[in-house]
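**Q** structure of the sequence below:
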Amino acid sequence: MSAPAINDCWKRIGIWGDRSCAELKTYLHCRNCPVYSAGAARLLDAEVPETYLSGHARHYAEAKQEVRHRAHSVVIIRVASEWFALATTVFREVAPLRPVHSLPHRRDRIVTGLVNIRGELLICISLAATLGLTAEAGRERTARLAVVSREGDRFVFVADEVAGLHRYDDAELSPVPATLAHAQAAYTRGILSWQNRPVGVIDDQLLFYTLNRNLA
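**A** Predicted coordinates for the structure are as follows:
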């Protein structure tokens, strides 16, 4: 069935046209005009064409496309020459480098000392040593202090570079390769591909467990 003929003067001389309609002085807007209301009524009273129903039937019969919501958010960092991702939820602050004050009578590769962050002394740890990496001598200009916290435990570590945020879905994780060093592999949940680089996603629960155990 053909659609009813409607005088759509509002598109030609009305508010959506050249606004030359003399009735605009009276009604101010086409929505207030009885001609506009009559056109809307004719559309509502018209029968629904068969093509409308069949077209919508085909649309809703199509297979639903799976949408990945990229549920996980991480901060991409570099430690030594390796790239890692740590959950955004554990990050509290990224700050410029500050002096690390060593602890007396303690020689530990993981716990390197104390750092003053906004008047609070926090334990500084070596993420490189925890992951079994060899830290390069000297600090790069891109190095930053990362303040992390989980269930009340707060630590600081030096990241040689903080690249930024990244979101991913579980399906994007690749298995940890067998060639990865044992210590590093133990803390890695999986491998992400980011800017054509492999990025190890750190298990933050295991990381904090190890740090607390090391302090005991």
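**Q** next SSE downstream of the host helix or strand of Arg189?
**A** Element membership of Arg189, judged by DSSP states H and E, is strand 188-194. Once the chain leaves strand 188-194, the next helix or strand it forms, by DSSP H and E, is strand 197-202.
**Q** what are the buried residues along stretch 132-148?
**A** Across stretch 132-148, burial judged by 16 or more other C-beta atoms under 10 Å covers 133, 135, 144-148. For glycine as for every other residue, the C-beta is placed from the backbone atoms N, C-alpha and C.
**Q** then stretch 89-105?
**A** Under the neighbour-count criterion of 16+ other C-beta under 10 Å, stretch 89-105 has 90-92, 100 buried.
**Q** quote the end-to-end distance of stretch 164-174.
**A** 21 Å (C-alpha to C-alpha, to the nearest Å).
**Q** on that earlier part again, pipe the buried residues of stretch 89-105 into a markdown table and attach distance to Leu121, secondary structure and pLDDT per row.
**A** Formatted as a markdown table, the buried residues of stretch 89-105 follow (distance: C-beta to C-beta, whole Å; DSSP: H, G, I helix; E, B strand; the rest coil; pLDDT from 0 to 100):
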| residue | distance to Leu121 | secondary structure | pLDDT |
| --- | --- | --- | --- |
| Val90 | 20 | helix | 96 |
| Phe91 | 19 | strand | 95 |
| Arg92 | 15 | strand | 95 |
| Val100 | 11 | coil | 90 |
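**Q** need the worst-confidence member of the buried residues of stretch 132-148.
**A** Least confident of these in the model: Ala135, at 67.
**Q** and the strand holding Arg189, how far out from the chain middle?
**A** From the chain centre to the centre of strand 188-194 is a distance of 16 Å (C-alpha atoms, centre = their mean, to the nearest Å).
**Q** ok, now stretch 121-131?
**A** Centre-to-centre, stretch 121-131 and its host chain are 26 Å apart (C-alpha atoms, centre = their mean).
**Q** mind checking the backbone torsions on Val148?
**A** Taking degrees, to the nearest 10, you get phi -120, psi 150 for the backbone angles of Val148.
**Q** is it true that it touches Ala159?
**A** No. At 10.1 Å, Val148 does not count as touching Ala159 under the criterion of C-beta atoms under 8 Å.
**Q** picking up where we left off before, so which of the buried residues of stretch 89-105 comes closest to Arg107?
**A** Closest approach to Arg107 among the buried residues of stretch 89-105 (C-beta to C-beta): Val100, at 14.1 Å.
**Q** verify the stated contact: that closest one with Thr112.
**A** Yes. Because the distance of 5.5 Å satisfies C-beta under 8 Å, Val100 is recorded as touching Thr112.
**Q** and the helix or strand bottoming out on mean pLDDT in the chain, how far out from the chain's middle?
**A** Within the chain, confidence by mean pLDDT, DSSP states H and E is lowest for helix 50-61 among all helices and strands, at a mean of 76. Distance, stretch centre to chain centre, for helix 50-61: 37 Å (C-alpha atoms, centre = their mean).
**Q** can you check stretch 40-54 too?
**A** Here stretch 40-54 is found 44 Å from its chain centre; the criterion is C-alpha atoms, centre = their mean.
**Q** same thing with stretch 108-120?
**A** Here stretch 108-120 is found 29 Å from its chain centre; the criterion is C-alpha atoms, centre = their mean.
**Q** buried stuff in that stretch?
**A** For stretch 108-120, burial by neighbour count (16+ other C-beta under 10 Å) applies to 110-115, 117.
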